[in-house]
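Chemist: Pasting a predicted model and its sequence here:
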Amino acid sequence: MFLTILLLGWLEIKYFMKKLSSRITKYIQWFSKYSLIIFFCASIVSLGIVLVAYSFSNSLNPTTIKDNSITTENLNVLNNLTTRNLSVTGEVSGISTSEFLGSYSAIVYKEGNKIIAKKRDGSLITEGIAGRDDARVINSAISSLTSGRTWKEVVALFGSFTLENTITVPSYTVLDLTGAKLIAKDLLNANLITNDFSVATQYVDIIGGIIDGNKDNQTAGSVISFANVSYSRIINTSILNSYGFGIYWWSGGSNYENFGNLILGVKVKNVGVDGISIGKARDLRIIGCEVSEIGDDYGIVIGDSRDVVISNCVVHDCNSASGAGIGIGSENANGKIIIDNCDSYNNKEGFQIATSDPAKKLDLVRVSGIARDNTNRGVNLFYIDNIIVDVIAINNGIHGLKAENVNQLTIRGQYLSNTNYGVALITCTYVDIDALFKDNGSGSVYKSSVSYIE
């Protein structure tokens with residue numbers, strides 16, 4: 001019985017092995033016949049996988065090169081767009097584009113001898129001849145923004161533009177000049193950037209860029225001239241060669257009509273009148289600015305304003321007959337003004353806080369920083385109530401500090417190596433001095449009609 005089972009098992013295995021051998025042979029013959037087709041299909045599938053992966057990788061970057069026609073200027077545009085992770089709709093200087101323009105609503109750029117403006121959706125706003133129609137095209141881009149909006153929309157400029165007319169910015173507009181330079185056309189003789197003076201304007205931003213007033217070829221005009229503009233900002237912009245003011249920001253009314261404005265990181269150089277001139281302002285901040293080479297009057301001047309901070313600014317080479325590095329003056333009452341940690345040097349006066357009308361005294365002012373190497377005085381004060389001065393006044397041509405008709409004057413700091421007195425006081429009341437004096441030519445303190453805090 002056992003032998004019978006073994007015999008049957010052996011026969012079954014032999015039959016299976018014979019069948020298996022036959023099938024393997026059949027499969028090998030089939031594979032040999034269709035091997036080229038199999039190899040071709042496998043290659044196609046592999047290539048498809050690679051292409052899908054490459055496409056997905058590229059989709060992570062919204063800005064890609066479409067062709068090789070990239071000029072130097074267009075490459076700068078590309079770099080700016082890539083850095084900010086923007087995408088542009090439509091064809092912009094050989095750049096392949098996607099569905100939206102980042103946070104921008106319109107873009108203005110140059111391509112060859114053309115200046116072109118496009119909307120966020122890639123549609124053409126207008127175009128013109130570069131160097132002839134630049135301001136017109138930029139103003140058209142601004143006009144294309146949403147009418148009656150109550151949110152900010154951005155117009156971005158890339159390239160160098162010669163302005164044949166004034167650029168006018170309405171409320172809720174951001175003019176992004178980070179990748180741009182604007183220069184006034186010869187004999188423009190007008191302001192480069194302004195608002196509509198007939199209406200109150202708010203929420204206007206000018207960001208970055210270089211604005212050149214082409215001073216030597218003008219007979220009038222400032223770089224930026226604003227009136228009745230509130231809650232607005234000028235940030236990291238360089239302002240050069242203005243025939244008039246660098247920034248003129250005033251109001252035609254009798255009340256405070258410029259509220260909540262900021263000027264941050266701005267450089268102003270070589271202008272004909274004041275570098276930064278602000279009037280009728282409240283809640284104003286001027287921070288981290290540099291102003292130099294002023295033809296007439298002040299580097300930074302504030303008039304008819306309250307609640308003002310000027311902080312960490314450097315002002316130098318404002319040496320006109322009536323000028324000063326930083327000045328606070330008024331035709332009406334001023335007050336609550338802080339000049340903090342500013343450096344004023346090589347000016348006619350370092351810091352000048354004054355009014356010519358004793359009935360309209362300044363009040364609540366604090367000054368700190370360095371006043372050095374100025375032609376006349378490091379600090380010049382008259383007709384003020386309640387002021388604290390804490391400066392290093394060194395090597396000034398007359399006094400370190402002069403105060404006349406000042407009430408409640410606190411003097412701190414250091415007064416060193418000034419040509420005449422460290423401090424000169426004339427008709428001052430309630431004076432408190434606790435300061436260091438050294439090597440002043442005529443002595444530490446000059447006094448005439450002075451009463452001290454006891």
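Modeler: Cool, the structure landed. Numbers count the residues shown, from 1 in each chain.
Chemist: Quick check: Ala106 touching Ile116?
Modeler: No: using Cβ atoms under 8 Å, Ala106 is not in contact with Ile116, being 10.8 Å away. (C-beta placed from N, C-alpha, C; glycine too.)
Chemist: what about the nearest residue to Asn214 once chain neighbours are set aside, neighbour count?
Modeler: For Asn214, ignoring the flanking residues on the chain, the nearest one in space by Cβ to Cβ, 6 or more residues apart in numbering is Ala184 at 4.2 Å. Neighbourhood size, Ala184 [other Cβ atoms under 10 Å]: 28.
Chemist: Please report the distance of Ile125 from Lys118.
Modeler: Ile125 is 6 Å from Lys118, where distance means Cβ to Cβ, to the nearest Å.
Chemist: Distance from the helix or strand containing Ile286 to the middle of the chain?
Modeler: Element membership for Ile286 (DSSP states H and E) is strand 281-287. Offset of strand 281-287 from its chain centre (Cα atoms, centre = their mean, to the nearest Å): 16 Å.
Chemist: correct me, but the residue nearest to Asn214 touches Gly213?
Modeler: Yes: here Ala184 reaches Gly213: they are 5.2 Å apart, a contact under Cβ under 8 Å.
Chemist: so what sits against both of these two?
Modeler: 192, 221 (Cβ atoms under 8 Å, 6 or more residues apart in numbering).
Chemist: show me the contacts for His399.
Modeler: His399 makes contacts with 377-378, 418-424, 446, as judged by Cβ under 8 Å, 6+ apart.
Chemist: same thing but 10 Å
Modeler: Applying Cβ atoms under 10 Å, 6 or more residues apart in numbering to His399 gives the contacts 376-380, 393, 415, 418-425, 440-442, 445-446.
Chemist: neighbour-wise, which of Ile125 and Lys118 wins?
Modeler: Ranked by neighbour count (other Cβ under 10 Å), Ile125 and Lys118 place Lys118 first, with 25 against 18.
Chemist: Please name the strands paired to the strand or helix carrying that one in the sheet, noting orientation.
Modeler: Assigned by DSSP H and E, Lys118 belongs to strand 114-119. If you go by DSSP bridges, strand 114-119 pairs up with strand 106-111 (antiparallel), strand 124-129 (antiparallel).
Chemist: Which one, of those, ends up nearest to Ser232?
Modeler: strand 106-111 (19.3 Å; Cβ to Cβ).
Chemist: Send me that closest one as CSV with only the CA atoms.
Modeler: These are the backbone C-alpha positions of strand 106-111, laid out as CSV (Å, rounded to 0.1, in the frame of the first residue of the first chain):
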residue,chain,number,x,y,z
ALA,A,106,-0.8,96.9,-12.2
ILE,A,107,2.7,96.9,-13.5
VAL,A,108,4.6,99.4,-15.6
TYR,A,109,7.8,98.3,-17.4
LYS,A,110,10.0,99.1,-20.5
GLU,A,111,10.6,96.8,-23.4
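Chemist: just to revisit the earlier point, in strands, which of the contacts of His399 fall?
Modeler: Using DSSP state E, the subset of the contacts of His399 located in strands is 379-380, 393, 415, 421-425, 445-446.
Chemist: Which single one of those is nearest to Ala135?
Modeler: Distances from Ala135 to the ones in strands among the contacts of His399, taken by Cβ to Cβ, are shortest for Asn380, at 41.3 Å.
Chemist: Quick check: bridge partners of that closest one?
Modeler: Bridge pairing for Asn380 - DSSP bridges - gives Gln352, Lys402.
Chemist: same check, this time on Arg372
Modeler: Tyr345, Ile394.
Chemist: From Tyr248, how far out is it?
Modeler: 28 Å.
Chemist: Can you show me the CA trace of stretch 280-292 as CSV?
Modeler: Listed next in CSV are the C-alpha coordinates belonging to stretch 280-292 (Å, rounded to 0.1, in the frame of the first residue of the first chain):
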residue,chain,number,x,y,z
LYS,A,280,0.0,121.2,10.1
ALA,A,281,0.6,117.6,11.1
ARG,A,282,-0.4,115.5,14.0
ASP,A,283,1.0,112.0,14.9
LEU,A,284,3.9,112.3,12.5
ARG,A,285,7.0,110.0,12.6
ILE,A,286,10.2,110.7,10.8
ILE,A,287,12.6,107.8,11.5
GLY,A,288,16.0,106.7,10.2
CYS,A,289,16.3,109.4,7.5
GLU,A,290,19.5,111.1,6.1
VAL,A,291,19.3,114.6,4.7
SER,A,292,22.3,116.4,3.3
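Chemist: and that stretch, what's its mean pLDDT?
Modeler: Computed over stretch 280-292, the mean pLDDT rounds to 95.
Chemist: again, but for stretch 399-418
Modeler: 96.
Chemist: Hmm, Ile115 and Glu164 touching each other?
Modeler: No: between Glu164 and Ile115 there is no contact under Cβ atoms under 10 Å: 11.1 Å.
Chemist: Pick out whichever of the two has more residues nearby.
Modeler: Higher neighbour count among Glu164 and Ile115: Ile115, with 26 against 17, using other Cβ under 10 Å.
Chemist: who's in contact with the more buried one?
Modeler: 108-109, 126-138, 157, 159, 161-162.
Chemist: same deal with Phe197?
Modeler: Neighbours of Phe197 in contact, by Cβ under 10 Å, 6+ apart: 168, 225-229, 251-252.
Chemist: how far away is it from Arg377?
Modeler: Phe197 is 37 Å from Arg377, by Cβ to Cβ.
Chemist: Thr126 contacts Ile142, correct?
Modeler: No: look at Thr126 against Ile142 with Cβ under 10 Å: they stay out of range, at 11.4 Å.
Chemist: Which neighbours do these two have in common?
Modeler: Joint contacts of Thr126 and Ile142 (Cβ under 10 Å, 6+ apart) are 108, 117.
Chemist: Neighbour count and distance to Ile287 for the ones in strands among the contacts of His399 - can I get that in CSV?
Modeler: Output for the ones in strands among the contacts of His399, formatted as CSV (neighbours: other Cβ atoms under 10 Å; distance: Cβ to Cβ, whole Å):
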residue, neighbour count, distance to Ile287
Val379, 31, 21
Asn380, 25, 24
Ala393, 30, 23
Tyr415, 29, 27
Tyr421, 23, 33
Gly422, 31, 30
Val423, 28, 29
Ala424, 23, 31
Leu425, 26, 32
Val445, 21, 33
Tyr446, 17, 35
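Chemist: Could you chop this protein up by domain?
Modeler: Using automatic domain parsing, the domain ranges for the chain come out as 1-60, 70-452.
Chemist: So which of those domains is the most surrounded?
Modeler: Greatest average neighbour count among these goes to domain 70-452 (a mean of 20), per mean count of other Cβ atoms under 10 Å.
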